[in-house]
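Visitor: below: sequence and its predicted model.
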Amino acid sequence: MSVLTLWAPIVVAAVLVFIVSSLIHTVLGYHNSDHDAVPDEDGLMDALRQFNLSPGEYVVPKPHGSAHMKSEEFRAKVEKGPVAMITIFPPDAMTNMAPALIQWFLYCVLVGVFAAYLGSRLLAAGTPYLSVFRLTGTVAFCCYAMAHMQRSIWFHQKWSTTLKNMFDGLVYALLTAGAFGWLWPEA
């Protein structure tokens, strides 16, 4: 079976995940506590603004290799603190979400393509709903949820945030699995 024969569940799953993820983030509100506020937001923004940082990710202090990380100079900077990773967004990132939403939808399609690929390699046309659901749901869960743990392990993201993101990933995986099980080709 070709991945192209599975275009319908790929698209339906992507649309369902896109709609439900939009509802999760705009209506339910349980992600509102994912990020903390700094005590003097305006002061911090004013301080950072003077550096005219381009969008990207920054780390302070920034080691210049493993030898530098062992140096007294670097260790003193770490002990003095703060140690931080900072993501600088483009100026319109919070007001113009269209580019991010387009990328998110394309990612949802890509997850569907991977679920379709593995499903088409391991399952035949006419495979029962539950077997299709299990396999494609597992693939989708791995895509949508598993990598979130790295944010808590390496970047000290709150585990509560990670678990909420993984729960979202489970919801998206169930939607994907349902779409594939429903629209899986008959024998």
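Guide: Cool, got the structure.
Visitor: for Asn165, see how far away the residue of the chain positioned farthest from its centre is.
Guide: Within the chain, Glu72 marks the point farthest from the mean C-alpha position, 36.8 Å out by CA atoms, centre = their mean. For Glu72, the distance to Asn165 (CB to CB, to the nearest Å) stands at 39 Å. The C-beta positions use only the backbone N, C-alpha and C, and glycine is treated the same way.
Visitor: now do Asp92
Guide: To Asn165, Asp92 is 24 Å away according to CB to CB.
Visitor: which one of the two has more residues nearby?
Guide: Asn165 (20 against 10; other CB atoms under 10 Å).
Visitor: which non-adjacent residue is nearest the more buried one?
Guide: In this structure, Asn165 finds its nearest non-sequential neighbour in His148, 4.3 Å apart by CB to CB, 6 or more residues apart in numbering.
Visitor: that neighbour: how many residues sit nearby?
Guide: 19.
Visitor: kindly report the same for the one 10 residues further on.
Guide: Per other CB under 10 Å, the neighbour tally for Lys158 reads 14.
Visitor: over to Phe105?
Guide: Neighbours of Phe105 using other CB under 10 Å come to 15.
Visitor: tell me which helix or strand it sits in.
Guide: helix 98-122 (DSSP states H and E).
Visitor: what does Tyr58 give?
Guide: Applying DSSP H and E, one finds Tyr58 within strand 56-60.
Visitor: neighbouring strands - and their directions - for that strand?
Guide: Strand pairing for strand 56-60, using DSSP bridges, gives strand 84-88 (antiparallel).
Visitor: pull out the buried residues from the partner strand.
Guide: For strand 84-88, the neighbour count (16 or more other CB atoms under 10 Å) marks no residue as buried.
Visitor: just the CA atoms of that strand, as CSV, please.
Guide: This file holds the C-alpha atoms of strand 84-88, laid out as CSV (Å, rounded to 0.1, in the frame of the first residue of the first chain):
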residue,chain,number,x,y,z
ALA,A,84,19.8,31.6,31.5
MET,A,85,18.6,30.6,28.1
ILE,A,86,16.7,33.3,26.3
THR,A,87,14.6,33.0,23.2
ILE,A,88,14.1,36.3,21.3
